[in-house]
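Peer 1: Structure of the sequence below:
(3 chains)
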Amino acid sequence: MDLDALTGCLASSACLVTQTTSGFIIGMLLFLVAVGLTLIFGVLKVVNFSHGAFYMFGAYFAMTAYQFSGSFALAMLCGAAGTAILGLIFERVFMSRVYGADVLMQLLVCYAFVLIFDDVVRMIWGPEFKSMGMPAAFQVVPLFIAGGVVPPYYLLLIGVALAAAMILGLGLARTRIGKVIRAAAHNPGMVSALGINTGLIYGGVFALGGMLAGLAGALAAPVRSLTPGMGFSVLIESFIVTVIGGMGSILGALIGALLIGMIRSFGSLGFPLFTEGLMYLFMVIVLVSRPTGLFGKEVA
Amino acid sequence: MTELQAEQGAQALEVSHEAKTRRNRDALIALAVFVLLALLPAVFSSKLLLDFVIRCAAYGLFATSLNLLVGYTGLISFGHGMFFGLGAYGFGLMMQKTGVPVPVAFVATLAITFVVALVIGAICVRLKEIYFAFVTLAFQMLIHSTILSWVSLTGGDQGLRGGIPRPPFLGIDLSNQLHLYVASCALLVIGLFLMHRIAQSPFGYTLRMIRDNATRASFIGIDVWRAKLTIFVLAALFASTGGIIMALFVSGAYPEFAYWTISGEGIFINMLGGVTTFLGPMVGTVLLLILNDTVTRLTDYHGLVLGIVILFFAIGLRKGLMDFVVEWYAQRRNGDGERR
Amino acid sequence: MLEIRSLSKSFGGVKATDNVTLDFADGSLTAVIGPNGAGKSTFFNLITGALTPDAGQILLNGLDLAGRTPPEIVRHGIGRAFQVASIFPSLTVQETMLAAVCADQRKASVLHRRFPLAETRDRAEHAMELLGLANKRNRTAATLSHGDQKLLDIALALVLDPKVLLLDEPTAGMGTEERWRMIEKVRELWETQKITVVFIEHDMDIVFKIAPEIVVLCYGRILATGKPDAIRRNEAVIEAYLGTEHHAGITV
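Peer 2: Numbering: from 1, shown residues only, chains lettered A, B, ... in the order given. Alright, predicted model coming up:
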């Protein structure tokens, strides 16, 4: 434990800015993964245990696209679109077969794919650590805000993630498709009785969730190292986020992700050995006091 | 079809001293199995075979204890492996740091497991099924990350190295492979016998009621939370015993023992063998270990092959092997299919 | 004696049970009726601990049970059966009964003995005989007919030797003939077991023929209580049924 480092940081504006930015980065990436998880759970009532794999694929797709084209925008696009297609196929071919089966079967199918996807990545990209490198456009002098160092790429990352959150929130609230998705979450039987193809919605939601996780992976690729299995710890953390925020709540996922981001960022100063432990501790406190999460509704 | 039915056939109630003779019979079977296993080295002197049986004992205890949760109580724990890891590390550390006799370390490790399981269980067993699965998984990851980051105690990602001292006690020398083999078999048989007794006890039927319909169980006066917590802790003790056998076998402990994949494998073993019979997980353990060994020999992409096998079972068959055996047996016994 | 005193429960402003005060004398047979949404099931859920009352008392022989958990309330002698048969699908009829007696004898967590316990046998046997399930003892509950599942649900409540038995629509989902058989069974149990029985019922023919006492609930309040003849002539009751519901059950 190193409380001096923590209090020292809290007293210095430079450190405060640096740590807060890093907390935002962690939080926004987690949010993109967690919001897909929570959306899929909300509509399909399935916890996609293999969701971390989409994050991983997003990163690898982006890296490959960047190496071939040198275009950062194209890399992001490939990361997001590639995982969207992957999500669609995954849902239609495999997950759709275990709806209605018990949770054990759903978990097993996802478990199988965690193993398969990790090995597929090892086959294609190799087992060693890879890195995409920071795109040239962002290799500029970092910004100094109140004495703290903030790389411009961080701002882009936060901006893109926030934009995705806004588009998603507005899309679900205002558009027709959004309404259908929300209706499907409440009453799938009714939606299909109205002549709407629920299979299409389910596939679409999975594709959307996969796309968001893939986008997170693509955004993370320049700042994180890539390795098979990189998705799993992200999956666990985003699950913790959804537990804290409440399963099925997008706002909850955002707040939960930011909380976890800050806990990780500041916790690594004060409790370097117990940073992850802090996260779990926080989850336990929330679970014990509010079993359905901060923004979760009791599902009857 | 439940085991009680299988034994009773279509007869009326015959409770009285019938139960006692059945229990004696179970004890005799357990003893016979142990003697057979213990005599095995006299017939096949292959070291590989003995190693295989020791690993079966470790994973078998773990998987069967998981079935007490998954199959009997309907609690799908995705973090049961944490107790396997806790057993291995607890025992290994105890032997390395304190130098107490083996039996003392064994009991002390179980005591630690008891306390940890009680705390984690008290938090988890209130949660609904998918939450329960993932929060147990989260605790598993917490224990795993603690092992990785607490390098001074656990050796971090290198694991407990330098071997675990195994001083002889009561004439048993666990550093001798044959002694370790016999001890593992004894622990396995005793563990299975005890778990079978739990499953067949009134408490075992309380668990079945909770699995089937927890609300109704509470309306006939059962304290569901307490019963779930009790079986969570009991299952943890057996999983921990499996971990202790593993630590003795490899003379060390590695972070993989506490990693979530152990829990995943445990769930898959249960699926593979079938959760509707007591011995299903044991059958699943033997199958998975054979499968693992074969696949590891043939390819580097062990997860890919294993994943496809899991998919085949989960999507294709939707049942474990022992489930098929039981169904086939039931159909043969009474073709009318009245009692399913 | 089961006395309900000023029992209240609301859900987000809707008063599902509104200041209900009622007495159920020992050995009485009472039907609870009321239009859909009258709060009948909520009333049962409050008494049995499935819901916690906002206010009021539930006195069983003077002991207040309000706010206690279902297992505690069951142990004090209030048993219940459910509108949708609530059973243990994978257990046989016999196992269900034996396990329930086990729970009643506080032996649900016994580890060192083998199921079934000899001392649970007679009571389990008796309950199966009472409800005519003895010849189906080895059938798993899931394979029973709808009517038998309802009987098993009642048997589960009865095998615990309750002082008060609450039956939530024992005839739900049954054809006319089966309904009458079921309600005759309920009446027979009441007569032979000498326990207090309260049941919810929609079929007015059944209610007026069978129940010596009737309680009418409407919007969470007690509209009327009394003998069938008095209820039949009660203006408020007729108004509630004819005014708000298309229920043609009341034909005087």
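Peer 1: give me every residue that touches the spatially most central residue of chain A.
Peer 2: When C-alpha atoms, centre = their mean is applied to chain A, the residue found nearest the centroid is A:Val33 (1.3 Å). Contacts for A:Val33 were tallied using C-beta atoms under 8 Å, 6 or more residues apart in numbering or on different chains; they are A:51-52, A:54-55, A:212-213, A:216, A:234-235, A:238. Glycine gets a C-beta too; all of them are placed from N, C-alpha and C.
Peer 1: The longest helix along chain C: how far from the chain's middle?
Peer 2: Assignment by DSSP state H gives helix C:176-193 as the longest helix of chain C. Offset of helix C:176-193 from its chain centre (C-alpha atoms, centre = their mean, to the nearest Å): 13 Å.
Peer 1: which helices and strands sit right next to it?
Peer 2: helix C:121-130, helix C:146-158, strand C:196-200, helix C:204-210 (3 or more C-beta pairs under 8 Å, 6 or more residues apart in numbering or on different chains; DSSP states H and E).
Peer 1: tell me the mean pLDDT for the first one?
Peer 2: When the per-residue pLDDT values of helix C:121-130 are averaged, the result is 88.
Peer 1: which residues sit against that helix?
Peer 2: By C-beta under 8 Å, 6+ apart, helix C:121-130 touches B:13, B:15-16, C:93-94, C:97-98, C:100-101, C:116, C:134, C:137, C:155, C:158-159, C:161, C:189, C:192-193.
Peer 1: give me that answer again for 10 Å
Peer 2: B:12-16, C:93-102, C:104-105, C:116-117, C:133-137, C:151-152, C:154-161, C:185, C:188-189, C:192-193 (C-beta atoms under 10 Å, 6 or more residues apart in numbering or on different chains).
Peer 1: From these, list just the buried residues.
Peer 2: B:13, B:15, C:93-102, C:104-105, C:116-117, C:133-134, C:136-137, C:151-152, C:154-160, C:185, C:189 (16 or more other C-beta atoms under 10 Å in any protein chain shown).
Peer 1: before we move on, back to that, grab the nearest non-local neighbour of the residue nearest to the centre of chain A.
Peer 2: A:Ser238 (4.2 Å; C-beta to C-beta, 6 or more residues apart in numbering or on different chains).
Peer 1: residues contacting that neighbour?
Peer 2: Counted by C-beta under 10 Å, 6+ apart, A:Ser238 has contacts A:29-38, A:51-52, A:55, A:213, A:216, A:231, A:253, A:256-257, A:260.
Peer 1: Among those residues, which lie within helices?
Peer 2: Using DSSP H, those in helices are A:29-38, A:51-52, A:55, A:213, A:216, A:231, A:253, A:256-257, A:260.
Peer 1: While we're on the residue in the stretch 51-200 of chain A that chain C sits nearest to, how confident is the model there?
Peer 2: Residue nearest to chain C within the stretch 51-200 of chain A (C-beta to the nearest C-beta): A:Asp102, separated by 13.2 Å. Reported pLDDT at A:Asp102 in the predicted model: 74.
Peer 1: Does it touch B:Gly71 like I think?
Peer 2: No. Using C-beta atoms under 10 Å, A:Asp102 is not in contact with B:Gly71; the gap is 11.5 Å.
Peer 1: of those two, who's got more company?
Peer 2: B:Gly71 (26 against 12; other C-beta atoms under 10 Å in any protein chain shown).
Peer 1: Leaving aside the residues adjacent along the chain, what's closest to the more buried one?
Peer 2: Nearest to B:Gly71 is B:Val275, by C-beta to C-beta, 6+ apart, at 3.2 Å.
Peer 1: before we move on, the earlier item: show me what contacts the residue of the stretch 51-200 of chain A closest to chain C?
Peer 2: B:74, B:76, B:129, B:318.
Peer 1: from these, which is closest to C:Ala85?
Peer 2: B:Gly74 (19.3 Å; C-beta to C-beta).
Peer 1: Next one: the closest residue to the closest one other than its chain neighbours relative to B:Ala235, how far apart?
Peer 2: Once flanking residues are discounted, B:Gly74 sits nearest to B:Arg211: 3.4 Å by C-beta to C-beta, 6+ apart. Going from B:Arg211 to B:Ala235 by C-beta to C-beta, to the nearest Å gives 14 Å.
Peer 1: which stretches of chain A have low pLDDT?
Peer 2: Confidence mapping of chain A against pLDDT under 70 gives the ranges A:1, A:297-300.
Peer 1: Count the residues that sit near A:Ile167.
Peer 2: Neighbour tally, A:Ile167, other C-beta under 10 Å: 10.
Peer 1: Next: C:Met1.
Peer 2: C:Met1 has 15 nearby residues by other C-beta under 10 Å.
Peer 1: need the contact list for B:Glu265.
Peer 2: Contacts of B:Glu265 by C-beta under 10 Å, 6+ apart are A:111, B:59, B:62-63, B:66, B:81, B:84, B:259, B:272, B:284-285, B:288-289, B:292, B:306, B:310.
Peer 1: Just the closest of the residues you listed to A:Ser289, please.
Peer 2: B:Gly81 (27.8 Å).
Peer 1: okay but the closest one is in contact with B:Pro255, surely?
Peer 2: No. Here B:Gly81 does not reach B:Pro255: they are 11.5 Å apart, not a contact under C-beta under 10 Å.
Peer 1: that older thread, secondary structure element for the residue nearest to B:Gly74, which one?
Peer 2: Using DSSP states H and E, B:Arg211 sits within helix B:202-218.
Peer 1: Buried by neighbour count: which residues of that helix qualify?
Peer 2: B:202-214, B:216-218.
Peer 1: Which strands or helices does that helix pack on?
Peer 2: helix B:3-8, helix B:177-200, helix B:224-250, helix C:70-75, helix C:93-104, helix C:146-158 (3 or more C-beta pairs under 10 Å, 6 or more residues apart in numbering or on different chains; DSSP states H and E).
Peer 1: most tightly surrounded among these?
Peer 2: helix C:93-104 (a mean of 28; mean count of other C-beta atoms under 10 Å in any protein chain shown).
Peer 1: Using CSV, list the CA coordinates for that helix.
Peer 2: C-alpha atoms of helix C:93-104 as CSV (Å, rounded to 0.1, in the frame of the first residue of the first chain):
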residue,chain,number,x,y,z
VAL,C,93,-44.7,-38.0,-5.6
GLN,C,94,-43.3,-40.2,-2.8
GLU,C,95,-40.0,-38.4,-2.7
THR,C,96,-41.7,-35.1,-2.6
MET,C,97,-43.8,-36.1,0.4
LEU,C,98,-40.9,-37.7,2.3
ALA,C,99,-38.7,-34.7,1.7
ALA,C,100,-41.5,-32.3,2.8
VAL,C,101,-42.0,-34.3,6.1
CYS,C,102,-38.3,-34.2,6.5
ALA,C,103,-38.3,-30.4,6.3
ASP,C,104,-41.2,-30.2,8.7
